[in-house]
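1. the following comprises the amino acid sequence and a computationally predicted model.
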Amino acid sequence: MPHPPTIPYFPDDTDDRAAWLARQAGLLRSGHVQAVDAPRIARELEALVASERRELLRHLAAVMLVMLKWRFRPDGRSAAWRQAIAQGRDGIGDILDDSPILRTDLEALVRRAYPRAVRDAALECGLPASAFPAEWPFAVEDILTGDM
């Protein structure tokens, strides 16, 4: 096999994630699979999936927060709340469109997001956390679509 191609290499590219990723991508594209750092690539890919899950969790918690406020503070309903729900749903939809496999994690992520949504709703509404149901009171599908 020919020698690996000349790819810009920075001696400290192990500290420069973008440079390291560019180098690894170049090696893979050129067919120099033996020259790549497979264990680190695997860690980077796992980190990418974890990052997408965190972003999905953040959007879920944001939509759930407004849905709780909508239910428990009907006097505060506003176009801004509708917009926050729409934007959160857009973010969720974008992530699920790009990574449909994350749909299998939705139930677990909703369980993780709910305590955050309750905490924030309690703070924003001036209610004790105990004023909210112990478990998410809506269907998961209601987070993704719905009338509000």
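-> Done, it's in.

2. what packs against the helix or strand bottoming out on mean pLDDT in the chain?
-> Within the chain, confidence by mean pLDDT, DSSP states H and E is lowest for helix 17-29 among all helices and strands, at a mean of 89. Applying 3 or more Cβ pairs under 8 Å, 6 or more residues apart in numbering; DSSP states H and E, one finds that helix 17-29 contacts helix 38-72. In this view, the C-beta of every residue, glycine as well, is placed from N, C-alpha and C.

3. buried sites along the least confident helix or strand of the chain?
-> The neighbour-count check on helix 17-29 (16 or more other Cβ atoms under 10 Å) flags A19, W20, A22, R23, Q24, G26, L27 as buried.

4. run the angle between it and helix 38-72 for me.
-> With axes from the mean of the first three to the mean of the last three Cα atoms, to 10 degrees defining the directions, helix 17-29 sits at 120 degrees from helix 38-72.

5. which non-adjacent residue is nearest the residue nearest the centre of the chain?
-> Centroid-nearest residue in the chain: E55, 1.9 Å away (criterion: Cα atoms, centre = their mean). Nearest non-adjacent residue to E55, counting by Cβ to Cβ, 6 or more residues apart in numbering: I95, 6.1 Å away.

6. how near is that neighbour to D16?
-> Computed as Cβ to Cβ, to the nearest Å, the I95 to D16 distance reads 27 Å.

7. give me the more crowded residue out of the two.
-> Higher neighbour count among I95 and D16: I95, with 19 against 13, using other Cβ atoms under 10 Å.

8. can you list contacts of the helix or strand harbouring the more buried one?
-> In this assignment (DSSP states H and E), I95 forms part of helix 79-98. The contact list for helix 79-98 (Cβ atoms under 8 Å, 6 or more residues apart in numbering) reads 52, 55-56, 59-60, 62-63, 66-67, 69-70, 102-103, 143-146, 148.

9. for stretch 60-69, same thing?
-> Residues contacting stretch 60-69 (Cβ under 8 Å, 6+ apart): 76, 81, 84-85, 88-89, 91-92, 106, 109-110, 113-114, 116-118, 120-121, 124-125, 132, 136, 138, 142-143, 148.

10. what's near enough to touch A113?
-> Here A113 is in contact with L57, L60, A61, M64 (Cβ under 8 Å, 6+ apart).
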